[in-house]
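Novice: generate coordinates for the sequence data below:
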Amino acid sequence: MSYYHGIKTSEQATAVKPAVNTEGCLPVIVGVAPVNLATDPAESNTPVLCYTYAEAVAAFGYKPNFEDYGIAEAIYTFFSLYGVSPVIFINVLDKSKHKVAVASEQVTVSNHSAVIKEDVLLDSLVVRSGSTSLQADEDYTAAFDNEGKVIISLVAESSHYGDTSLTVSYDKLDPSKVTTEDIIGGIDAASGKETGLEVINTIFTKLGVVPGMIGAPGYSDNAEVAAVLASKAASVSGLFTATAIIDGSTTVAKKYTDVYSWKNKANVTSKYQVICWPMAKMGTKKLHLSTVFMATQALETYNSDDIPYRSPSNKTAQINGLCLEDGTEVELGLSAANYLNGNGIVTAINLFGGWKLWGNNTACYPTNTDPKDRFFCVRAMFNWDQQTFIRTYWADVDMPMMKRYIQSIVDSENIRMNGLVSAGVILAGYCEYRESDNPATSIVDGISNIHKTFIPPVPNREIDVVYEFDSEQYAAIMMA
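Specialist: Have a look, this model is predicted:
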């Protein structure tokens with residue numbers, strides 16, 4: 001050892017670990033996008049984390065055709081209506097497969113321009129004048145307008161500048177070819193790549209974030225899709241839990257009294273599912289209420305320091321009406337809305353201060369009344385806290401199994417729980433390493449069992465006030 005004269009300092013790892021930040025109720029949308037309009041198109045069946053409208057539109061394209069393109073609906077809802085981010089999008093439409101060829105179509109030229117209204121794959125476009133093939137940039141230019149139409153503009157220097165009609169052939173997207181099997185997905189036999197909802201299991205390893213809510217607007221009212229959504233939500237990457245936000249069918253259930261029957265027949269009864277019914281309107285646009293629910297919850301979580309302890313029920317919904325898929329308007333009073341709530345279905349009402357989401361229960365209610373399962377905000381808190389715990393202490397796996405290591409986990413969690421209690425986020429929370437939970441057989445097998453008590457607040461769904469007329473006080477007042 002070398003000679004030293006003076007003061008030395010050194011550092012050691014902090015025994016109390018700071019918690020890893022999770023993204024609250026991070027929404028994931030699986031669906032179909034107008035990728036022919038994307039300027040920087042994302043690969044199909046690939047999760048893309050988007051923080052801005054521009055990022056989302058560049059990756060997936062945008063057009064206000066929400067019946068065919070659920071991802072476009074979600075882009076509009078999250079970024080335009082709510083101004084909330086981030087959002088993960090997974091597009092299952094494969095433009096090499098979900099397309100159809102248009103062999104020959106006559107288009108009229110007006111003011112040296114022609115319009116194609118279909119969802120054209122621009123690199124497949126062939127333009128002819130009679131039997132002559134026109135050359136791009138020499139005879140014409142082709143570009144999309146703001147509505148997704150292709151505008152063919154004849155070049156002034158071209159000999160075809162005065163043509164009054166053209167013949168075009170092209171491939172166009174055909175979103176109707178996307179099936180529930182594409183949404184459900186699996187493992188592609190040829191490439192070994194995950195597709196559809198199976199892609200959810202790749203989000204954490206690819207993006208380093210954990211899903212909080214999962215939706216598939218336009219497809220989740222299918223019983224099989226809803227079941228797979230619940231399965232994926234119950235086990236994200238084999239580590240985490242999330243919640244699947246499901247749309248109740250508005251084609252089978254056209255009246256509010258029909259929704260409970262649809263729910264039971266479709267077997268949408270999991271604590272990892274939330275059912276939303278019916279659809280919503282914003283101006284002339286129809287929106288899936290599941291998308292509105294996810295955006296409302298994401299905004300509420302953002303405004304709550306990224307902790308999902310507040311219920312989205314009775315919070316402003318950016319809509320101006322309710323409807324069925326065919327556009328038929330739906331009017332719900334409080335009694336009808338409460339009937340839906342009592343059967344584990346979320347809806348929206350317009351009573352005080354505009355349109356609000358209405359309902360706290362997950363799909364497991366009324367069969368399951370456990371507060372951590374039936375109340376969405378409590379379920380979301382359990383999901384969130386488990387995500388936080390796993391990510392914070394993952395590095396402690398395979399450390400030497402000694403009491404001081406385990407106690408450091410317990411101490412760190414108790415400090416974090418005390419902070420949440422002080423912040424008014426939970427009522428109580430604490431960890432224990434109990435002898436009764438850790439028999440010798442577990443210890444020698446390398447298993448440590450930590451018991452955690454965690455009590456988020458339930459929503460105050462009912463406020464009862466008893467009024468009394470006090471005749472004696474009234475008489476006393478009159479006699480004073």
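
Novice: what count of nearby residues applies to Thr269?
Specialist: Counted with other Cβ atoms under 10 Å, the neighbours of Thr269 add up to 18. All C-beta atoms are positioned from the backbone trio N, CA, C, and that covers glycine.

Novice: with Glu194 instead?
Specialist: Counted with other Cβ under 10 Å, the neighbours of Glu194 add up to 19.

Novice: quick one, what contacts the closest residue to it other than its chain neighbours?
Specialist: Once its chain neighbours are removed from consideration, Glu194 has its nearest residue in Thr202; the separation is 5.6 Å (Cβ to Cβ, 6 or more residues apart in numbering). For Thr202, the set of contacting residues under the criterion of Cβ atoms under 8 Å, 6 or more residues apart in numbering consists of 47, 194, 237.

Novice: can you confirm Thr202 is in a helix?
Specialist: Yes - assigned with DSSP: H, G, I helix; E, B strand; the rest coil, Thr202 falls within a helix.

Novice: for Ala33, see how far away it is.
Specialist: Relative to Ala33, Thr202 is positioned 18 Å away (Cβ to Cβ, to the nearest Å).

Novice: isn't Ser69 right up against Val35?
Specialist: No Ser there; residue 69 is Tyr. No - judged on Cβ atoms under 8 Å, Tyr69 makes no contact with Val35 at a distance of 9.4 Å.

Novice: out of these two, which sits in the busier spot?
Specialist: More neighbours surround Tyr69 than the other of Tyr69 and Val35, with 30 against 23 (other Cβ under 10 Å).

Novice: ok, now how distant is the more buried one from Leu49?
Specialist: Tyr69 sits 19 Å away from Leu49, taking Cβ to Cβ as the criterion.

Novice: what does Asn414 give?
Specialist: 33 Å.

Novice: what about these two, which has more around it?
Specialist: The neighbour count for Asn414 versus Leu49, taken as other Cβ under 10 Å, is higher for Leu49 (20 against 16).

Novice: does the more buried one really touch Ile90, like I thought?
Specialist: No - using Cβ under 8 Å, Leu49 is not in contact with Ile90; the gap is 10.7 Å.

Novice: now do the same contact list for Ile214.
Specialist: Going by Cβ under 8 Å, 6+ apart, the list of residues near Ile214 reads 27-28, 30, 197, 200, 229, 232-233, 242-245.

Novice: from the residues you listed, which land in strands?
Specialist: Counting by DSSP state E, the contacts of Ile214 place 27-28, 30, 243-245 in strands.

Novice: would CSV of these with distance to Lys356 and neighbour count be doable?
Specialist: Formatted as CSV, the entries for these read as follows, by distance: Cβ to Cβ, whole Å; neighbours: other Cβ atoms under 10 Å:
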residue, distance to Lys356, neighbour count
Pro27, 19, 29
Val28, 24, 30
Val30, 27, 32
Thr243, 20, 29
Ala244, 22, 31
Ile245, 17, 31
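
Novice: gap between the residue nearest to Glu194 and Asp182?
Specialist: Distance of Thr202 to Asp182, computed by Cβ to Cβ: 17 Å.

Novice: again with Val444
Specialist: Shown here: Val444 relative to Asp182, a distance of 49 Å by Cβ to Cβ.

Novice: so which of those two has more stuff around it?
Specialist: Comparing Val444 with Asp182 by neighbour count (other Cβ under 10 Å), the higher total belongs to Asp182, at 21 against 9.

Novice: quick check, pLDDT for that one.
Specialist: Per-residue pLDDT puts Asp182 at 97.

Novice: can you tell me which of the contacts of Thr202 lies nearest to Leu121?
Specialist: Nearest to Leu121, judged by Cβ to Cβ, of the contacts of Thr202 is Pro47 at 23.4 Å.

Novice: and that closest one, bridged to which residues?
Specialist: Beta bridges link Pro47 to Ile90 when assigned by DSSP bridges.

Novice: give me the neighbour count for it.
Specialist: By other Cβ under 10 Å, neighbour count at Pro47 equals 22.

Novice: before we move on, what about Thr39?
Specialist: By the measure other Cβ under 10 Å, the count of residues near Thr39 is 10.

Novice: what's the helix or strand for the closest residue to it other than its chain neighbours?
Specialist: Leaving out its chain neighbours, the residue that sits closest to Thr39 by Cβ to Cβ, 6+ apart is Ala58, at 5.0 Å. Ala58 belongs to helix 53-60 when elements are defined using DSSP states H and E.

Novice: for Phe389, same thing?
Specialist: helix 376-393.

Novice: and that helix, how far out from the chain middle?
Specialist: Using Cα atoms, centre = their mean, to the nearest Å, the distance from the centre of helix 376-393 to the centre of the chain it belongs to is 17 Å.

Novice: in that helix, what's buried?
Specialist: 376-389, 391-393 (16 or more other Cβ atoms under 10 Å).

Novice: as a whole number, average confidence for the very next helix or strand once past it?
Specialist: Beyond helix 376-393 in the direction of the C-terminus, DSSP H and E gives the next helix or strand as helix 403-422. Over the span of helix 403-422, the pLDDT mean works out to 94.

Novice: angle of the helix or strand following helix 403-422 against helix 403-422?
Specialist: Next in sequence after helix 403-422, counting helices and strands by DSSP H and E, comes strand 428-432. In terms of direction (axes from the mean of the first three to the mean of the last three Cα atoms, to 10 degrees), strand 428-432 departs from helix 403-422 by 180 degrees.

Novice: partner strands of strand 428-432, parallel or antiparallel?
Specialist: Within its sheet, strand 428-432 is paired with strand 451-455 (antiparallel), according to DSSP bridges.

Novice: the partner strand: how far from the chain's middle?
Specialist: The chain centroid and the centroid of strand 451-455 are separated by 27 Å, computed with Cα atoms, centre = their mean.

Novice: which one is Tyr272 nearest to, not counting chain neighbours?
Specialist: Taking Cβ to Cβ, 6+ apart, and ignoring the residues beside it in sequence, Tyr272 has Ala233 as its nearest neighbour in space, at 4.2 Å.
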